[in-house]
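Asks: Got a predicted structure here, sequence first:
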Amino acid sequence: TLLCFRWPLLWIPHELNADEGHFRGAANTLRYDPLFWRSVDGITSGPLVYYPLLPAAWGNGLHSYAIARLIGLFSVLGTLIFAGESLATIGSRSVARAAILPGLAFEAFTTSSDFLFYSSEAAPVFLLAATVWLATRRVIVPTRLNLWAVALLLGALPWSKLQAAPIAVTVWLLVAAFEYASGRARSLGALLIGGLLPSLIIVGMTTLGGQADAMAIGYLFNGATYVGASPWTAPKVGVFLWQSAVSDRYLGLWLTGFVVFAAVAVAFVRNPSAVILRWLFAATVVLAVSAACILAPRRPFTHYLHLLELPLTLVGGAAMAMAQPADAARGQPKRMFWVVALFLMCCLVPQLMRRVSLKNPHVELTVTRSDAAQPALIETLRTYTTPGEALAIWGWRSSLYVEAGLRQATRQGQSEHQIYDGPRKPYFLRRYFDDLTASNPPVFVDAVGPGNFLFEDRGRAHESFPPLRDWVRVHYTLVVDAGGTRVYVRNDRLNGPGHL
């Protein structure tokens, strides 16, 4: 069902979000040099976000967008399946199936481009869903394998997206509390060691590769300062994200219906079991921490709302399970039927009604593009490069990597930290210049100008950094200026890649 509704949108022949091209361009680069932080610096996203996209790096230009979107779609499907299997351990399987339907409908029906591509939230949410499933399995079958798997996944989660680290810590504490309350205090050692092991492996491999400073400054330090670098306030971001959810309608309808159901469902609660109460408490805590993680960076990015999907599903399922009598199979099936029906009426039916009455605004984009200059730019790149060669970009136009089949000449595929003022701007400028001169790419693109994403002021173009300005002036020649983007070709490549 999910694939059927998303299928036409998989083939939109351009990036749906600037991050989509950014992630895909990084995957192209990792194909040729898989050591993260040496070839790619994801800044606010870690290696576990980028490595799953490697299959798309073998895709051909525009088709690779579809491959990346499929990977994102399968991560969403996996998240919902893990959520349903987790809920099946505390309630009936029919309740678990009903609980995941609103999330499934939202992902199938949404028309917001922020939810249609492989975003940086896909990997951490999937890892979290797998962790929750393994943790609930441990309630039934408390094996050492389950315990170590939970610990390893929680330890790996911050290396997908640092923003999700508080969620991982929260789940770790909840699992540790459960182990202790269950008389298995000796399991805490395995939880601690297993949780630290992914960090030890990643830090060790990065250090051996000589990239410890790039990891520490680009990911850890930058992730910590990212929170305080936004002019937005948390309440203002919250209002903006709510407006985004409402404009998408499907997520807004799910959230509104969830609140209505939670308020009404209290009347149906009849002596819930201690297990369900503990589950509801844990899921609610994770939901609250996830909401805090969305607001903490103070950034108005709608795709952050992906972090709500799993805990929202778990809380909804637990709320339904609370109304399920212990003898539901023999005693009071009618009440349970009405609880599930109320949940679906609140959280699913409004989405269905909306989808029937709405034309998907992205369907026509499967045969059109939003940027008239892009085909000419891609053709120019293909004229002066061969697939797999390096491309340097100043600004943010990562779609060029994807559609021309090129890799990044600099480990950071866009120049946000080189252009915006910040405490580490000199470091990022120096690193960009060192990467550029070391890779000596055949083409340099300045994507700062009218019509470009984020950077339209030519005063912030590459000429604003004198060493870069002088290097480009000596070694490159301007061949194209289109759509606010300038393409420079290395002097010995002006006759094409076959004439060196």
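Replies: Good, I have the coordinates. Numbering: from 1, shown residues only.
Asks: how close does the nearest residue to residue 33 once chain neighbours are set aside sit to residue 411?
Replies: Ranked by CB to CB, 6 or more residues apart in numbering and with sequence neighbours excluded, the top spatial neighbour of residue 33 is residue 39, at 3.7 Å. In this view, the C-beta of every residue, glycine as well, is placed from N, C-alpha and C. Distance from residue 39 to residue 411, counting by CB to CB, to the nearest Å: 6 Å.
Asks: Let me know whether residue 391 touches residue 381 as I believe.
Replies: Yes. With contact defined as CB atoms under 8 Å, residue 391 counts as touching residue 381 (6.8 Å).
Asks: More neighbours: the two, which one.
Replies: Set residue 391 next to residue 381 and count neighbours by other CB atoms under 10 Å: residue 391 wins out with 28 against 23.
Asks: before we move on, the earlier item: shared neighbours, residue 391 and residue 381?
Replies: Residues touching both residue 391 and residue 381 (CB atoms under 8 Å, 6 or more residues apart in numbering) are 400, 404, 406, 443.
Asks: sorry, back to before: now name the helix or strand holding the residue nearest to residue 33.
Replies: Residue 39 is part of no helix or strand when elements are defined by DSSP states H and E.
Asks: same question, residue 313
Replies: Judged by DSSP H and E, residue 313 forms part of helix 306-322.
Asks: Hmm, residue 287 is touching residue 309, no?
Replies: No. Residue 287 is beyond contact range of residue 309, at 10.4 Å (criterion: CB under 8 Å).
Asks: re earlier: so for residue 39 and residue 411, which sits in the more crowded spot?
Replies: Just comparing residue 39 and residue 411: by other CB under 10 Å the higher neighbour count belongs to residue 411, 24 against 20.
Asks: hang on, the earlier thing: nearest to residue 349 among the shared contacts of residue 391 and residue 381?
Replies: If you rank these by distance to residue 349 using CB to CB, residue 400 comes first, at 44.0 Å.
Asks: hang on, isn't the closest one packed against residue 393?
Replies: Yes. At 6.5 Å, residue 400 counts as touching residue 393 under the criterion of CB under 8 Å.
Asks: the more surrounded of those two?
Replies: More crowded of residue 400 and residue 393, by other CB under 10 Å: residue 393, with 27 against 23.
Asks: quick one: secondary structure of the more buried one?
Replies: Secondary structure state of residue 393, per DSSP: H, G, I helix; E, B strand; the rest coil, is strand.
Asks: pLDDT score assigned to residue 499?
Replies: Per-residue pLDDT puts residue 499 at 54.
Asks: what touches both of residue 39 and residue 411?
Replies: Contacts common to residue 39 and residue 411, judged by CB under 8 Å, 6+ apart, are residue 29.
Asks: Surely residue 476 is in contact with residue 490?
Replies: Yes. Between residue 476 and residue 490 there is a contact at 5.6 Å, judged by CB under 8 Å.
Asks: Could you pull out the residues contacting both of the two?
Replies: residue 444.
Asks: Please, which helix or strand holds residue 487?
Replies: strand 485-490.
Asks: And the contacts of that strand?
Replies: 373, 377, 380-381, 384, 395, 397, 440-447, 449, 451-452, 461, 472, 475-481.
Asks: In ChimeraX, select just the buried ones from those.
Replies: Only the buried entries of the contacts of strand 485-490 go into this ChimeraX selection, using 16 or more other CB atoms under 10 Å:
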select :373,377,380,381,384,395,397,441,442,443,444,445,446,447,449,452,461,472,475,476,480
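Asks: Among the contacts of strand 485-490, which are located in helices?
Replies: Within those, residues falling in helices by DSSP state H are 377, 380-381, 384, 472, 475.
Asks: Quickly name whichever of these is closest to residue 103.
Replies: Nearest to residue 103 among those, with distances taken as CB to CB, is residue 377, at 38.4 Å.
Asks: so what does the helix or strand containing residue 263 touch, helix or strand wise?
Replies: Taking DSSP H and E as the criterion, residue 263 maps to helix 250-265. For helix 250-265, the elements it packs on are helix 93-109, helix 234-248, helix 306-322, helix 333-347, helix 349-357, judged by 3 or more CB pairs under 8 Å, 6 or more residues apart in numbering; DSSP states H and E.
Asks: tell me which residues in that helix are buried?
Replies: 250-255, 257-258, 260-261, 265.
Asks: CA atoms of it as PDB?
Replies: Provided in PDB are the C-alpha atoms of helix 250-265 (Å, rounded to 0.1, in the frame of the first residue of the first chain):
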ATOM      1  CA  TYR A 250      -2.300  14.500   7.100                       C
ATOM      2  CA  LEU A 251       0.200  14.900  10.000                       C
ATOM      3  CA  GLY A 252      -2.000  17.700  11.400                       C
ATOM      4  CA  LEU A 253      -5.100  15.400  11.300                       C
ATOM      5  CA  TRP A 254      -3.200  12.600  12.900                       C
ATOM      6  CA  LEU A 255      -1.900  14.800  15.800                       C
ATOM      7  CA  THR A 256      -5.300  16.400  16.300                       C
ATOM      8  CA  GLY A 257      -7.000  13.100  16.300                       C
ATOM      9  CA  PHE A 258      -4.500  11.600  18.700                       C
ATOM     10  CA  VAL A 259      -5.200  14.400  21.200                       C
ATOM     11  CA  VAL A 260      -8.900  13.900  20.900                       C
ATOM     12  CA  PHE A 261      -8.600  10.100  21.300                       C
ATOM     13  CA  ALA A 262      -6.300  10.400  24.300                       C
ATOM     14  CA  ALA A 263      -8.800  12.700  26.000                       C
ATOM     15  CA  VAL A 264     -11.800  10.500  25.300                       C
ATOM     16  CA  ALA A 265     -10.100   7.100  25.900                       C
END
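Asks: List of residues touching it?
Replies: So helix 250-265 is in contact with 102-103, 105-106, 109-112, 115, 242, 245-246, 305, 308, 312, 315-316, 319-320, 322-323, 339, 342-343, 345-348, 350-351, 354-355, going by CB under 8 Å, 6+ apart.
Asks: Give me the buried subset of these.
Replies: Neighbour counting by 16+ other CB under 10 Å classes 102-103, 105-106, 109-112, 115, 245, 305, 308, 312, 315-316, 319-320, 322-323, 339, 342-343, 346-348, 350-351, 354-355 among these as buried.
Asks: about what we covered before: which residues do residue 400 and residue 393 both contact?
Replies: Joint contacts of residue 400 and residue 393 (CB under 8 Å, 6+ apart) are 445, 447.
Asks: Pull the contacting residues for residue 494.
Replies: Taking CB under 8 Å, 6+ apart, we find residue 494 in contact with 384, 477, 479.
Asks: what do you get if the cut-off is 7 Å, keeping everything else the same?
Replies: By CB atoms under 7 Å, 6 or more residues apart in numbering, the contact list for residue 494 reads residue 477.
Asks: is it true that residue 289 touches residue 169?
Replies: No. Using CB atoms under 7 Å as the test, residue 289 is too far from residue 169 to be in contact (8.6 Å).
Asks: which one of those two has more residues nearby?
Replies: Per other CB under 10 Å, whichever of residue 289 and residue 169 has more neighbours is residue 289, with 19 against 15.
Asks: Name the nearest residue to that one, ignoring sequence neighbours.
Replies: Per CB to CB, 6+ apart, closest to residue 289 is residue 170, 4.7 Å.
Asks: Could you look up the SS state of residue 412?
Replies: Assigned with three-state DSSP, residue 412 falls in the coil class.
Asks: what do you get for residue 12?
Replies: The three-state label given to residue 12 by three-state DSSP is coil.
Asks: For the remainder of this discussion, apply numbering that starts at 4.
Replies: Shifting the count to begin at 4 puts that one at residue 15.
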